[in-house]
Every structure is written in structure tokens, then in C-alpha cells.
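> This is a predicted model, with the sequence first.
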Amino acid sequence: MRTRLLRRLTTLGTIVAVAAAGLPASAASAGSGNGHRGDGPLKVGYYTQWSNYSGFFVKNVDTSGQARRLTHINYAFGNVGPDGKCFINNEPGQGDAWADFQRGYPEAESVDGKADAWDQPLAGNFNQLRKLKAKHPDLKVLISLGGWTWSNYFSDAVLTPESRRAFVSSCIDLYIKGNLPALDGRGGPGSAAGVFDGIDLDWEWPGSAGEPGNVIRPEDKQNFTAVVEEFRRQLDRYGKEKRRHYLLSAFLPANPAAIDAGFEVRKIFKDLDYGTLQGYDYHGTWEPLTNQHSALRVPRGNPTTPDFSVTSTVDAYLQRGAPRQKVVVGVPYYSQGWTGVTGTANNGLFQPATGAAAGSNTYRAVSALVGTGGYRVHRDIWAGHAWIFDGSTFWTYDDPAVIVQKALWVRSRGLGGAMIWSLDGDTEDGVLTRSLAGGLGR
């Protein structure tokens, strides 16, 4: 008993020390064979199309120190139309070409401190990503297709061999070859060439329910495998012309039922450079009880049985044939929050609540509450999760200590790395990304 306690205390000390310093901890190296040309685990961060509207620009990925610590950025999201092809437009709820490639950036918001010219073909986030890559030559950028709200027509797009070929060709033409639509003086053939180094498939979910209205078919599972093969085939064909390798990844669910309904795991990983696993939203404000949303292990006393955790998610994929060096674990830079919590047992954990907590749920915003209004940090070291509670409002989140604990666990399991949703949730000085990189190793 005494030995186990000492180990726990030593582990916590290591976590806190590494989190504070952002320095590598000694552990076995991981990540070989997963599409990263450098050494060590992958560090994949999502940059969202809409984050610039809240003042988080591509420039902030650089000034925060995130860019020099990341290996890959996924740009979220690209849409798939009812015709089964990739497209970009300016239509509310369907596309935001203005944010993607039309908006002119002033000096103060530009990665290189240079304002966009009125007549340059490429502006917007795409041009800022191009500038970011110029400043950080080893950084790779992928376009992520779909997401929760834009997965409506994937099932149609992948239904037949002909539709799959057309779908994949349209996405490569638009994003990899950079043949953007010409809109108000921006875009045009080849205007975005070189911005994207690959494609990330974020279909939520083949064969099982996602957003209401999504097209779902029983054959989605086999058709997802087929479209992954088609992407690999066409990316390799174009890559041969360009004498380079284009990356292919996919975002994959935590729920074993969704895994088995939509994914032939062993087959798809043969063609993916890596897969990013859902490591969050295990519980949330759609439920009446407070709970963890991203724990490393299922907490003892959890009233939900069986439950999700990072460990159970990773094990589910390994058991189904995913190569561990291609498994990239998702970590959240946001929180799940409940208010109207009526019980104080377990410091607010597993207690009834009346609804969602008000305010921003980014780590940056929630961490600022610590020490104010009665909020205190609580953590379950063994389970690997943290939360704050003021007696009536409860937030569950990953703080630097939890992030480092997960990073060290990823390395100990020989996994491919970690993925972040999403970069705008970090602090101005990038404390979470610094902690993640320190735990994974540079």
C-alpha cells in the first residue's frame, strides 16, 4: 500500500513539474511510420474556420508558441454538397469562402506582419496558413472534411465506385491542387496550390446517427473503406507527379457501437497515415448528472456502466487491428459545464444538475475562474481528469497536469501522438500546447 501511494505521489509530482516547465519527460519514443517526416509523436491541432471571428487568428497559432510545437494543423472544415462533391461558397450554414480565402488581413493580424493586397488571388485563412508554413517549414496542414454539421451527404458521395471517384477528384482538385472558385477577385485556378499537404476525413458517422438529417445507410461501413482506398489511390497518383507524399487521416469515434457500425478498422488503417480518436465528449450537458468528459480511465464510482475513457477508446481500436503507431489520441481544449448542481458529494462529481453552465467553455475562460467565487480545482489522479466546482456550477476539463499525464501515457503505450480540439481554446501563451509537447517530447 505504501509503495503504491509513493508511486502515485511521484507520478503527480512529475506531471505537475513537466506541466509547469513544458519540458520533455523521459519515455520511449513513439510515432514512427505515421506520416510525420520528423522524429517523435505527432502533435495535431485543429484550427477552426470560424475562430477568427472571435479574435483567434492563424497569427495567434504562431505568437502563442503553438506552431513551433505542432507537427500538423487540420483546418476545419470543408463541406460536401448534395451532388457528392467538395465545394466552397458563401452561403450561411453551408460555406464561408470569405473566411477561407477572401478576407484581406491587415498588418496587425497577419502572420508575417504584411497586409494583404486588394488584388492578390489568395487571402483569408488559407493565405495565412501558407505564411505560417513558410515560417515553420516542417509544419503540415490538412483540410478536414465534414465535421458534425457538414457530414450530411457523405453517404451519397461514397455510394458507388463512380461517385467515389468523382468525390475524391473534386476534393483533390479544390484543396490539393488549389483550384478555388473565382469569387469577387479572389481565388481561381491554382490559387491555393501548396496550402494543404493532405486530407482529413471527419465523417460523423458512417452507419450511425450524427446530426439530424444526415444520410445514413447500412453499407456506409464498406463504402467508407472504399473511399479511403480511393483517396489513397488518387493522392498517391498526384503525389507521384509532384514527387511527394500527400497525407490521409480520419477522425474516429469513441463509442464501440459507432466503431462497429461504420469502420472496418484493420482495413482503413492500411491506407491512412494515422487516425485521430475521439478523446472527449464522453459526457456532457445533454445528460442530467455531472461527469467527466475526457478522463484517461473510467473513474471509480462512476454511475454509468459501461463508460467511455481514453484508455477504453484506444483499446477498442487496438483490439480491432489498428496499428498503435498510427493511433493519435484526441485531447480537448474546452470544457463541459453544468449549473444548478444540487449535491456536494464528490466535490460535485456525479451529482444532479439543472442544465448547461453559462459562459465560454474554452480552457482559457474556465481556467480563469479558478480561485474566484469559490471555484476550486479537484482531480482524480488515477482516473486522469480534473474539474472545478463552486458549490453550484461544475466544469470538467483538461488542465496542464492532465494534458501531461495523457501525453506520458501516450508515449508509454507507444502510440502515434495526440490531437487537439481546438487550438483557440488555449491561453495566449499556449500553456496547454506547451504541456502537451513537453509530455510527448519534441
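All right, it came through fine. Quantities reported herein were computed from a predicted structural model and do not represent experimental measurements.

> so who does L159 touch?
Going by CB atoms under 8 Å, 6 or more residues apart in numbering, L159 touches G84, R217, E219, N223. To be clear about C-beta, it is placed using only N, CA and C from the backbone, and glycine gets the same treatment.

> Let's see that with 7 Å instead.
Contact analysis of L159 by CB atoms under 7 Å, 6 or more residues apart in numbering lists N223.

> mind checking how far it is from V227?
10 Å (CB to CB, to the nearest Å).

> Averaged pLDDT, the helix or strand hosting R364. What do you get?
According to DSSP states H and E, R364 maps onto helix 363-367. Helix 363-367 carries an average pLDDT of 98.

> Can I get that helix in PDB? Just the C-alpha atoms.
Extracted in PDB, the C-alpha atoms of helix 363-367 (Å, rounded to 0.1, in the frame of the first residue of the first chain):
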ATOM      1  CA  TYR A 363      -9.900  26.200 -21.300                       C
ATOM      2  CA  ARG A 364      -8.700  29.800 -21.400                       C
ATOM      3  CA  ALA A 365     -12.100  31.000 -20.000                       C
ATOM      4  CA  VAL A 366     -12.800  28.200 -17.500                       C
ATOM      5  CA  SER A 367      -9.300  28.200 -16.000                       C
END
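
> so what's the closest residue to T304 other than its chain neighbours scoring on pLDDT?
Nearest residue to T304 in three dimensions, chain neighbours excluded: N291, at 6.9 Å (CB to CB, 6 or more residues apart in numbering). pLDDT recorded at N291 is 98.

> Which residues are in contact with N291?
H283, T304, F350.

> ok, now E241?
By CB under 7 Å, 6+ apart, E241 has no neighbours at all.

> Surely it is in a strand?
No: according to DSSP: H, G, I helix; E, B strand; the rest coil, E241 belongs to no strand; its state is helix.

> count of neighbours near D83?
Using other CB atoms under 10 Å, the number of residues around D83 comes to 13.

> ok, now which ones touch it?
Taking CB under 7 Å, 6+ apart, one finds nothing in contact with D83.

> Kindly confirm my reading that it is in a helix.
No: D83 is assigned coil when assessed by three-state DSSP, not a helix.

> Nearest to Q234, out of the contacts of N291: which one, please.
Nearest to Q234 among these is H283, at 39.1 Å by CB to CB.

> Find the residue closest to that closest one in space, skipping its chain neighbours.
Closest to H283 by CB to CB, 6+ apart is N291, at 3.7 Å.

> try K59
V111 (4.9 Å).

> Would you mind measuring from D398 to F263?
In terms of CB to CB, D398 sits 25 Å off from F263.

> the more surrounded of these two?
Using other CB under 10 Å, the more surrounded residue of D398 and F263 is D398, with 30 against 27.

> quick one, what contacts that one?
S294, V331, P332 are the contacts of D398 under CB under 7 Å, 6+ apart.

> Out of those residues, grab the one that's most surrounded.
S294 (28 neighbours).

> number of nearby residues for the residue nearest to it when sequence neighbours are not counted?
Leaving aside its sequence neighbours, S294 sits nearest to Y280 (CB to CB, 6+ apart; 4.2 Å). Counted with other CB under 10 Å, the neighbours of Y280 add up to 25.

> Isn't Y280 up against P332?
Yes: in terms of CB atoms under 7 Å, Y280 counts as a neighbour of P332; the distance is 3.8 Å.

> what do those two both touch?
What both Y280 and P332 touch, as defined by CB under 7 Å, 6+ apart, is the set S294, W421.

> check which helix or strand covers the spatially closest residue to E204 that is not a sequence neighbour.
Spatial nearest neighbour of E204, excluding adjacent residues (CB to CB, 6+ apart): G210 at 4.3 Å. Assigned by DSSP H and E, G210 belongs to no helix or strand.

> quick one: contacts for G210?
So G210 contacts W148, S151, E204 (CB under 7 Å, 6+ apart).

> Now do the SS call for the second one.
When states are read from three-state DSSP, the local structure at S151 comes out as coil.

> That one: neighbouring residues, count only.
Neighbours of S151 using other CB under 10 Å come to 25.

> Now do the phi/psi pair for it.
phi -100, psi 10 (degrees, to the nearest 10).

> re the thing from before, following the chain onward from the helix holding R364, which element is next?
In N-to-C order, the element after helix 363-367 by DSSP H and E is strand 376-380.

> give me the low-pLDDT residue ranges for this structure?
For the chain, the stretches with pLDDT under 70 are 1-39, 442.

> ranges for the helices of it?
2-21, 58-63, 97, 124-135, 154-157, 161-171, 220-242, 256-262, 265-271, 310-319, 363-367, 400-412, 431-440 (DSSP state H).

> okay, those helices in JSON lines with distance to T48 next?
Output for the helices of the chain, formatted as JSON lines (distance: least, CB to CB, whole Å):
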{"stretch": "helix 2-21", "distance to T48": "25"}
{"stretch": "helix 58-63", "distance to T48": "11"}
{"stretch": "helix 97", "distance to T48": "16"}
{"stretch": "helix 124-135", "distance to T48": "9"}
{"stretch": "helix 154-157", "distance to T48": "20"}
{"stretch": "helix 161-171", "distance to T48": "19"}
{"stretch": "helix 220-242", "distance to T48": "22"}
{"stretch": "helix 256-262", "distance to T48": "23"}
{"stretch": "helix 265-271", "distance to T48": "25"}
{"stretch": "helix 310-319", "distance to T48": "22"}
{"stretch": "helix 363-367", "distance to T48": "14"}
{"stretch": "helix 400-412", "distance to T48": "19"}
{"stretch": "helix 431-440", "distance to T48": "15"}
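
> and which of the contacts of D398 is nearest to V410?
Nearest to V410 among these, with distances taken as CB to CB, is V331, at 9.3 Å.

> List the contacts of that closest one.
Neighbours of V331 in contact, by CB under 7 Å, 6+ apart: G279, S294, D398, I403, K406, A418, I420, L436.

> ok, back up a step: can you put the contacts of N291 in CSV and add neighbour count and distance to V195?
As requested, the contacts of N291 are arranged in CSV below (neighbours: other CB atoms under 10 Å; distance: CB to CB, whole Å):
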residue, neighbour count, distance to V195
H283, 22, 37
T304, 15, 42
F350, 17, 46
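
> Looking at these, which one is closest to S51?
H283 (24.8 Å).

> Now that that closest one has come up, it's in contact with A295, right?
No: contact criterion CB under 7 Å: H283 and A295 do not qualify, at 9.2 Å.
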